[in-house]
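Peer 1: Dropping the sequence and predicted coords here.
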Amino acid sequence: MYADRIQQLEALQTPCYVYDTQLLARTLDAINAETASYPAYHVHYAIKANANPGVLRQIARAGLGADCVSGGEIRAALDAGFPAESIAFAGVGKADWEIKLALEAGIGMFNVESIEELEVINELATLFNTRARVSFRINPDVGAHTHVNITTGRAENKFGIAKEDMIRVIRSAESMSGIDFKGLHFHIGSQLLVMDDFEALCLRINELQEQLDAAGLYAPNINVGGGLGIDYEQPDEHPIPDFHAYFSTFSRLLQLREGQQLHFELGRAVVAQMGFLLTRVLYVKQATARQFVIVDAGMTELIRPALYDAIHQINNLSADSSAATALYDIVGPICESSDTFVRDYTLPVTRRGDLLAIRSAGAYGETMASCYNCRPLPPAHLI
């Protein structure tokens, strides 16, 4: 894929990110087509996945809301054209200036993660003579089939309020002059590929809703977070996630009360497949026991393999696909042994100067880049 654009790509300075706006448009169309059957469903894009301004503008034009986890992301969302009322502000550690920014902007929802945070939001909202709309993030103690570093819904994780404290915290909120209780929020993890995880979440939310009923409480909004994964191993076969299976799981199992609105916070599933990291081969090094392809991109541009042991498909755009192949370790130039994209990987025979595309890098790629080793941040190009 993208070999037909080789002349255009050859002109780009590497390493850089390249975003396919047509695939992004198709993905957004698929989301909107699936949710059109569910008027109570609202999708917020998780900006932490990719905050490129051009990407954000395209998503905002498609009508999605925004899920933000920092004041900087709130500013980016507003600048990109997301309506303030469509913004949900999550995060386990909201600073005072971020809360003030959100109150001044009039965002739609604070996803509150502790009673201590609630008290600060109430204090600041009262100071601003306003009421903050809040949902409580409840830790459902539901496991997820994913990497341990991106599991968020177990009791031992730092996120959310223990489900046993839900009623008490809602009662506290009802007594606060600066708080308007609007719902419950959940998120169990990322890169989830089996619907069993979401089915378990639905059943747990149903249990908690029964507790609300028994206490005479009503949550106008239920937010089930995001977490839907993508196919990193075969991106061309599955460029768009199975949104039908995802949304229909909640429609089938989640027992919403009359008038309740259901919110989703999709990030990776929206943008991962539309982006790739373009890098050029610096050297092909024959070592004693291994053969290395050393490229000009590293963990500073794409940290996922070093951080999560993530696997990305890698294509040699310069080589003939019918050429002989060889086995390589594909590594970057950073002075860390963990600066390795993949080991024992089969590519067409690769030479200095070849262009490689590290696929499915539209999510948690550019947005997690760093300047370690005094390297500049990678540019991004929309094609």
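Peer 2: Done, it's in.
Peer 1: which residue of this structure sits farthest from its center?
Peer 2: Most distant from the centre of the chain: residue 288, at 40.2 Å, with distances by C-alpha atoms, centre = their mean.
Peer 1: Return the backbone torsion pair for that one.
Peer 2: Main-chain torsions, residue 288, degrees, to the nearest 10: phi -60, psi -50.
Peer 1: pLDDT score for it?
Peer 2: The score at residue 288 is 89. That number is its pLDDT.
Peer 1: OK, contacts around it?
Peer 2: By C-beta atoms under 8 Å, 6 or more residues apart in numbering, no residues touch residue 288. Quick note: C-beta positions are derived from backbone N, CA and C, even for glycine.
Peer 1: For residue 98, which non-adjacent residue is spatially closest?
Peer 2: Sequence neighbours aside, residue 71 is the residue nearest to residue 98 in space, at 3.6 Å (criterion: C-beta to C-beta, 6 or more residues apart in numbering).
Peer 1: So what does the one you found look like in phi/psi?
Peer 2: Torsion angles at residue 71 (phi, psi; degrees, to the nearest 10) stand at phi -60, psi -40.
Peer 1: Where do the helices of the stretch 1-150 of the chain begin and end?
Peer 2: Applying DSSP state H, counting those that start in this stretch to the stretch 1-150 of the chain gives helices spanning 6-10, 21-35, 53-61, 71-80, 96-105, 115-127.
Peer 1: Can you give me the buried ones in the longest one?
Peer 2: Burial within helix 21-35, assessed by neighbour count using 16 or more other C-beta atoms under 10 Å, is assigned to 23, 24, 27, 28, 30, 31, 34, 35.
Peer 1: do the same with the last one
Peer 2: Taking 16+ other C-beta under 10 Å as the neighbour-count basis, helix 115-127 is seen to contain the buried residues 117, 118, 121, 122, 124, 125.
Peer 1: next one: the fifth one
Peer 2: Residues 98, 99, 101, 102, 103, 105 are the ones in helix 96-105 that count as buried (16+ other C-beta under 10 Å).
Peer 1: Which residues are in contact with the fifth one?
Peer 2: I take that to be residue 103. Contacts of residue 103 by C-beta under 8 Å, 6+ apart are 124, 125, 128, 130, 132.
Peer 1: what do you get if the cut-off is 6 Å, keeping everything else the same?
Peer 2: The contact partners of residue 103, taken as C-beta atoms under 6 Å, 6 or more residues apart in numbering, are residue 128.
Peer 1: And for the last one?
Peer 2: Contacts for residue 105 (C-beta under 6 Å, 6+ apart) come out as residue 84.
Peer 1: quick one: the longest strand belonging to the chain to chain centroid distance?
Peer 2: Secondary structure of the chain per DSSP state E: the longest strand is strand 275-286. In terms of C-alpha atoms, centre = their mean, to the nearest Å, the centre of strand 275-286 is found 26 Å from the chain centre.
Peer 1: and if you look at stretch 211-223?
Peer 2: Relative to its parent chain, stretch 211-223 has a centroid offset of 28 Å by C-alpha atoms, centre = their mean.
Peer 1: now do the same end-to-end measure for stretch 281-301.
Peer 2: 15 Å (C-alpha to C-alpha, to the nearest Å).
Peer 1: So residue 186 sits against residue 225, correct?
Peer 2: Yes - assessed by C-beta atoms under 6 Å, residue 186 is found in contact with residue 225 at 5.4 Å.
Peer 1: Report how many residues lie close to residue 226.
Peer 2: Residue 226 has 25 neighbours, counted by other C-beta atoms under 10 Å.
Peer 1: what about it, helix or strand, and which?
Peer 2: Counting by DSSP states H and E, there is no helix or strand that carries residue 226.
Peer 1: so who does it touch?
Peer 2: Contact analysis of residue 226 by C-beta under 6 Å, 6+ apart lists 46, 265, 266, 267.
Peer 1: quick check, nearest of the residues you listed to residue 177?
Peer 2: Using C-beta to C-beta, residue 265 is the member of these that lies nearest residue 177, at 28.8 Å.
Peer 1: May I have the strands that pair with the host helix or strand of the closest one, each with its orientation?
Peer 2: Using DSSP H and E, residue 265 sits in strand 261-266. If you go by DSSP bridges, strand 261-266 pairs up with strand 41-46 (parallel), strand 221-223 (parallel).
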